[in-house]
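A.B. asks: sequence-free structure coming up:
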């Protein structure tokens, strides 16, 4: 029969391919649990390998005894009598009682040592404080030390032995249960409503580390992604400085006052007729300036100033905030520096003009189940809002 050798060869090839895939995935994937770049992740990985070694030895031992018993005490040709029956063995009973107890004690003590080492770690004075809030279906990151709020993309400084600078994070949820998980930096930590959990990481290499919500939280759980950017100290300082900047209110001046405005105030962006409302110390939505900008509501111009007018006169500001403007919503992500992020919708798509326009027009086309509603605005209004958001860098 040639069937058995063929089957054996197929199993050998399949096993080899599987091992090659696992090895390749573990070494190259950005979500690999075997490529640890942080102290907590290292400790958890070492503990996992230790537990795997012990359980592996148990598996090999039990399997070996089973194979030995099957082979040695198999039925032989001509045997018609029942083999001798053994009742009770003090040695065997002591072995299968004491050995498991010792294994459990060793695993318990080792696990407890790692848990206390991670949970009771001392917080250095240069540590970065981060508040993580889980929403359906996006992440909010607050830096109370710097008065910075961002979404979905967490920036941290690299932490070295010479200059340790870990990030100590407090995690909570604004709605349902979520779970913060970046495999290369730490194990998952749950975010619960009305409760604050804590964790810390000390990324030891610069680069991008990808994670996501690891607790089913609703229709778009699979697209609740997060990105951790580990920067050099200098680059992190620059990022913080850029995030602390606010956005100017944009308004339209009359044609008669255009030349004078251009002489007295710097232009904002590339719009020659856009000036800072801060010149007049008055918000564009106040009664004293509403008449100057009301024509923007019907304007056919696709510009940042027209887009901000539409943005501030629709429901956008009920959910979103733009620091420095009248938009102070807190239900959705902070948009102050939207264009400094590489992705939209918690990592669902790249942050491009086309995707941004599509997201504003109908979020469900990009992220079905998203809690951001379609505003049912005209194509012109969507383009105007997109033009404004593109300036938020």
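C.D. replies: Sure thing, it's come through. The structure presented is a predicted model; accordingly, all values stated were derived computationally and were not measured.
A.B. asks: Contacts for stretch 104-121, please.
C.D. replies: Outside stretch 104-121, the residues that touch it by C-beta atoms under 8 Å, 6 or more residues apart in numbering are 40, 43-44, 46-47, 50-51, 54, 166, 200. Where C-beta positions appear, they are placed from N, C-alpha and C, glycine not excepted.
A.B. asks: Show only the entries of those found in helices.
C.D. replies: The helices, defined by DSSP state H, take in 40, 43-44, 46-47, 50-51, 54 from the contacts of stretch 104-121.
A.B. asks: List only those of the contacts of stretch 104-121 flagged as buried.
C.D. replies: For those, a neighbour count by 16 or more other C-beta atoms under 10 Å gives the buried set as 40, 43-44, 47, 166, 200.
A.B. asks: can you give me the strands for the stretch 101-250 of the chain?
C.D. replies: When assigned using DSSP state E, counting those that start in this stretch, the strands of the stretch 101-250 of the chain occupy the ranges 128-135, 138-143, 148-151, 153-157, 167-173, 178-182, 186-191, 197-201, 207-213, 225-231, 250-252.
A.B. asks: Take the ones you listed and lay them out in JSON lines including mean pLDDT and distance to residue 304.
C.D. replies: Converted to JSON lines, the strands of the stretch 101-250 of the chain look like this (pLDDT from 0 to 100; distance: least, C-beta to C-beta, whole Å):
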{"stretch": "strand 128-135", "mean pLDDT": "95", "distance to residue 304": "27"}
{"stretch": "strand 138-143", "mean pLDDT": "95", "distance to residue 304": "25"}
{"stretch": "strand 148-151", "mean pLDDT": "94", "distance to residue 304": "21"}
{"stretch": "strand 153-157", "mean pLDDT": "95", "distance to residue 304": "23"}
{"stretch": "strand 167-173", "mean pLDDT": "95", "distance to residue 304": "34"}
{"stretch": "strand 178-182", "mean pLDDT": "94", "distance to residue 304": "34"}
{"stretch": "strand 186-191", "mean pLDDT": "90", "distance to residue 304": "36"}
{"stretch": "strand 197-201", "mean pLDDT": "93", "distance to residue 304": "38"}
{"stretch": "strand 207-213", "mean pLDDT": "92", "distance to residue 304": "30"}
{"stretch": "strand 225-231", "mean pLDDT": "93", "distance to residue 304": "27"}
{"stretch": "strand 250-252", "mean pLDDT": "62", "distance to residue 304": "6"}
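A.B. asks: now those strands in TSV, with distance to residue 370?
C.D. replies: Listed next are these as TSV, based on distance: least, C-beta to C-beta, whole Å:
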stretch	distance to residue 370
strand 128-135	11
strand 138-143	9
strand 148-151	14
strand 153-157	18
strand 167-173	18
strand 178-182	16
strand 186-191	19
strand 197-201	26
strand 207-213	14
strand 225-231	13
strand 250-252	28
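A.B. asks: I'd like to know which of those strands lies nearest to residue 351.
C.D. replies: Nearest of the strands of the stretch 101-250 of the chain to residue 351, taken as C-beta to C-beta: strand 153-157 at 9.7 Å.
A.B. asks: okay, the angle between that closest one and strand 167-173?
C.D. replies: Counting by axes from the mean of the first three to the mean of the last three C-alpha atoms, to 10 degrees, strand 153-157 points 160 degrees away from the direction of strand 167-173.
A.B. asks: how distant is strand 153-157 from the center of its chain?
C.D. replies: Here strand 153-157 shows a centroid-to-chain-centroid distance of 10 Å under the convention C-alpha atoms, centre = their mean, to the nearest Å.
A.B. asks: Give the residue spans of this structure that score low on pLDDT.
C.D. replies: The chain contains residues with pLDDT under 70 at 1-30, 251-299.
A.B. asks: in it, which spans are helices?
C.D. replies: Along the chain, the stretches classed as helices by DSSP H are 3-28, 39-72, 90-119, 233-243, 258-264, 287-293, 304-313, 316-319, 353-361, 363-366, 379-389.
A.B. asks: Could you give the bridge partners of the residue positioned nearest the centre of the chain?
C.D. replies: Centroid-nearest residue in the chain, with C-alpha atoms, centre = their mean: residue 226, separated by 2.0 Å. Residue 226 has these beta-bridge partners by DSSP bridges: residue 211.
A.B. asks: Hmm, it is touching residue 211, no?
C.D. replies: Yes - Residue 226 is in contact with residue 211 according to C-beta atoms under 8 Å; the separation is 5.1 Å.
A.B. asks: list the residues that contact both of these two?
C.D. replies: Here residue 226 and residue 211 share the contacting residues 180, 182, scored by C-beta under 8 Å, 6+ apart.
A.B. asks: so how far is residue 146 from residue 134?
C.D. replies: 21 Å (C-beta to C-beta, to the nearest Å).
A.B. asks: Give me the more crowded residue out of these two.
C.D. replies: residue 134 (27 against 15; other C-beta atoms under 10 Å).
A.B. asks: check contacts around that one.
C.D. replies: Shown in contact with residue 134 (C-beta under 8 Å, 6+ apart): 140, 171-175, 178, 180, 191, 213, 217.
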